[in-house]
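J.: need coordinates for the below:
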Amino acid sequence: MSPTPPPTRPRMTIFGRGSYAESLRIGEILRKETVGGALLVAAAVIALIWANSPASESYFALRDLKFGYEPWHLELSLGAWAADGLLAIFFFLVGLELNREFIAGDLRQLDKSVVPVAAAAGGVIIPALIYIVVNIASPETLRGWAIPTATDIAFAVAVLAIIGSHLPSALRIFLLTLAVVDDLIAITIIAVFYTSDLEVTPLLLALIPLALYAFLAHKYRRFFGMKAPAAWLILLPIGAVAWALVHASGIHATVAGVLLGFAVPVLRSQASGGPDAGPGLAEIFEHRFRPISAGVAVPIFAFFSAGVAVGGWDGLVSALTDPVAVGIIMALVLGKPIGIMGTTWLLTKVTKARLDTSFKWIDVFGVSLLAGIGFTVSLLVAELSFGQGSLHDDHAKVGILAASVLAALLAMLVLRTRNRQYREVQEAETVDADMDGIPDVYQEDGPAK
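T.: Below you'll find the model as predicted:
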């Protein structure tokens, strides 16, 4: 009698359906980002029109208007306040989202997190390498290698809304995770490579309000969750002090936003019923602050950052033929899909992972093209690389805008052809979301298969 063969380990499924609760949460986030994306695009268009109109001097005068307290290194222009201050709100949301995903979300499981995290890393490395190859002969422009590394989820979701895509939840979660991990890598790059004249004393002092913020948020999580004004009156001033000290240290102040997001507890305390009793403070803060980030902070930043005087047709041609713009366009439009799709395909070859039967590689390609929409963080890194208003900064912004529009158009062409299949997948997800009439949000292990 032949021995019984050992049981085979099930293969990991890429883009398998996540839990119903996670799908609902991601859907709510993306609905808010859709509105934010529309506002972002509108703000950028207004800035471009104003910056190239006969009244352009008034736009740049407004952007460069300075105010603030100089002894604390806070006498900044409106454009700098938008980049350093308002974007800290955006990165606070990034910190909350990452914290939530890897502690209580689907991505706390290695088999669900390895693919999007690895794909995001590939989507950072390949574009950076392409930019470096294009600009290898110019040490001055090489400094912009990190510009094409990030994905703008608000812009990408706005594109999905425009084309009416029925992108299934698995692909939406993948896209959101790519964008969030991209942002984490980008902020790490900003902290490490774009810090000049590091001041140790304010950096060490910043640890005090950060620690106090974390202590209060964890100790009184129920209080801050139930009393919204308390967070504004107690936690916000402490966070502002941490932000100012990080800014004074020479590290870009948006890093403080991410650190503060990490300091917020994700799970409910046992006194409040434990993790299964409802959303934790991080998710509550996410609901409260996402409209501020998507509806106010990011559009205002886009308004002050996207305005570039093209200089007519000749100026546009000059900008688009600059190695800075060429490198950015090639990196975002070609590098992102190559890095993301290539890494995902490689994982299916070197591991037991396989693509879910509901999807095809053309779906991965479409999402990868969407990830080539690099806008908010790319504009920020361009300013940090070359200085706001410099010639290279202007050319970089032209490249970012051109690449984002081109990536959006290509993604629209690809995803539109798959809408009928996506509707079928969505219908299947809806059926699986109900087990004997009970929504599987109440099932610990996700939807029944």
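
J.: show me where pLDDT drops low in the stretch 151-300 of the chain?
T.: 163-166, 268-278 (pLDDT under 70).

J.: check which helices and strands the helix or strand hosting I208 sits against.
T.: Secondary-structure element containing I208, defined by DSSP states H and E: helix 200-219. Under the contact definition 3 or more C-beta pairs under 8 Å, 6 or more residues apart in numbering; DSSP states H and E, helix 200-219 sits against helix 236-249, helix 254-262. C-beta coordinates here come from the backbone N, C-alpha and C atoms, glycine included.

J.: so for L39, which of those helices sits nearest?
T.: helix 254-262 (19.7 Å; C-beta to C-beta).

J.: list the helices and strands the closest one packs on?
T.: Right, helix 254-262 is packed against helix 87-103, helix 169-193, helix 200-219, helix 236-249 by 3+ C-beta pairs under 8 Å, 6+ apart.

J.: list of residues touching that helix?
T.: Helix 254-262 is contacted from outside by 83-84, 87-99, 184, 187, 190-191, 206, 210, 213, 239, 242-243, 245-247, 282, 380, using C-beta atoms under 8 Å, 6 or more residues apart in numbering.

J.: could you export that helix as CSV, CA atoms only?
T.: This file holds the C-alpha atoms of helix 254-262, laid out as CSV (Å, rounded to 0.1, in the frame of the first residue of the first chain):
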residue,chain,number,x,y,z
THR,A,254,4.9,66.4,6.7
VAL,A,255,6.9,63.6,8.4
ALA,A,256,5.4,64.8,11.7
GLY,A,257,1.9,64.0,10.2
VAL,A,258,2.8,60.4,9.5
LEU,A,259,4.3,59.9,13.0
LEU,A,260,1.2,61.4,14.6
GLY,A,261,-1.0,59.1,12.5
PHE,A,262,1.1,56.1,13.7
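
J.: and the strands in this protein?
T.: 13-14, 66-67, 76-77, 354-355, 434-435, 438-439 (DSSP state E).

J.: lowest-confidence stretch among those?
T.: The stretch with the lowest average pLDDT out of those is strand 438-439, scoring a mean of 42.

J.: check the gap between V246 and Q388 for me.
T.: 20 Å (C-beta to C-beta, to the nearest Å).

J.: mind checking which of those two has more residues around it?
T.: V246 (28 against 19; other C-beta atoms under 10 Å).

J.: once you drop chain neighbours, what's closest to that one?
T.: A256 (4.0 Å; C-beta to C-beta, 6 or more residues apart in numbering).

J.: in JSON lines: the helices and strands packed on helix 254-262, plus distance to A55.
T.: Formatted as JSON lines, the helices and strands packed on helix 254-262 follow (distance: least, C-beta to C-beta, whole Å):
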{"stretch": "helix 87-103", "distance to A55": "26"}
{"stretch": "helix 169-193", "distance to A55": "33"}
{"stretch": "helix 200-219", "distance to A55": "40"}
{"stretch": "helix 236-249", "distance to A55": "32"}
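
J.: deepest of those, which one?
T.: helix 87-103 (a mean of 24; mean count of other C-beta atoms under 10 Å).

J.: from the contact counts, what lies against that helix?
T.: helix 169-193, helix 254-262, helix 281-292, helix 298-306, helix 376-386.

J.: need those helices in JSON lines with distance to A230, can you?
T.: JSON lines is the format used below for the helices and strands packed on helix 87-103 (distance: least, C-beta to C-beta, whole Å):
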{"stretch": "helix 169-193", "distance to A230": "27"}
{"stretch": "helix 254-262", "distance to A230": "16"}
{"stretch": "helix 281-292", "distance to A230": "11"}
{"stretch": "helix 298-306", "distance to A230": "26"}
{"stretch": "helix 376-386", "distance to A230": "30"}
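
J.: looking at the ones you listed, which is closest to F60?
T.: Of all those, helix 298-306 comes closest under C-beta to C-beta, at 10.1 Å.

J.: the closest one versus helix 376-386: what angle between them?
T.: Counting by axes from the mean of the first three to the mean of the last three C-alpha atoms, to 10 degrees, helix 298-306 lies at 40 degrees to helix 376-386.

J.: just to revisit the earlier point, among the helices and strands packed on helix 87-103, which is nearest S58?
T.: For S58, the closest of these is helix 298-306, at 13.3 Å, according to C-beta to C-beta.

J.: the closest one packs against which elements?
T.: By 3+ C-beta pairs under 8 Å, 6+ apart, helix 298-306 packs against helix 20-51, helix 78-81, helix 87-103, helix 376-386, helix 391-416.

J.: pick the most buried one from those.
T.: Taking mean count of other C-beta under 10 Å, helix 376-386 is the most buried of the helices and strands packed on helix 298-306, at a mean of 26.

J.: quick one: that one to helix 254-262, angle?
T.: Counting by the same axes, to 10 degrees, helix 376-386 lies at 140 degrees to helix 254-262.

J.: counting by contacts, list what helix 376-386 packs against.
T.: helix 87-103, helix 169-193, helix 298-306, helix 391-416.

J.: so how far is that helix from its chain's centroid?
T.: 14 Å (C-alpha atoms, centre = their mean, to the nearest Å).

J.: now do stretch 370-377
T.: 8 Å.

J.: got the contact list for it?
T.: Outside stretch 370-377, the residues that touch it by C-beta under 8 Å, 6+ apart are 40, 44, 87, 90, 123, 147-152, 154-156, 159-160, 175, 178-179, 182-183, 186, 298, 301-302, 332-333, 335-337, 340, 400-401, 403-404, 407-408, 410-411, 415.

J.: please repeat the previous calculation with a cut-off of 6 Å.
T.: Identification of contacts with stretch 370-377 by C-beta atoms under 6 Å, 6 or more residues apart in numbering yields 123, 148, 150-152, 155-156, 178, 186, 298, 332-333, 336, 340, 404, 407-408, 411.

J.: ok, stretch 321-329 next?
T.: Contacts with stretch 321-329, where a contact means C-beta under 6 Å, 6+ apart, come from 131, 134-135, 141, 144, 147-148, 319, 392, 395-396, 398-400, 402-403.

J.: and it, which residues are buried?
T.: Along stretch 321-329, these residues count as buried under the neighbour rule (16 or more other C-beta atoms under 10 Å): D322, P323, V324, A325, V326, G327, I328, I329.

J.: of all the helices and strands packed on helix 376-386, which lies closest to A118?
T.: Nearest to A118, of those and by C-beta to C-beta, is helix 169-193 at 9.4 Å.

J.: by how many degrees do the closest one and helix 236-249 diverge?
T.: Going by the same axes, to 10 degrees, helix 169-193 makes 50 degrees with helix 236-249.

J.: quick one, helix 169-193 and helix 87-103 angle?
T.: Going by the same axes, to 10 degrees, helix 169-193 makes 120 degrees with helix 87-103.
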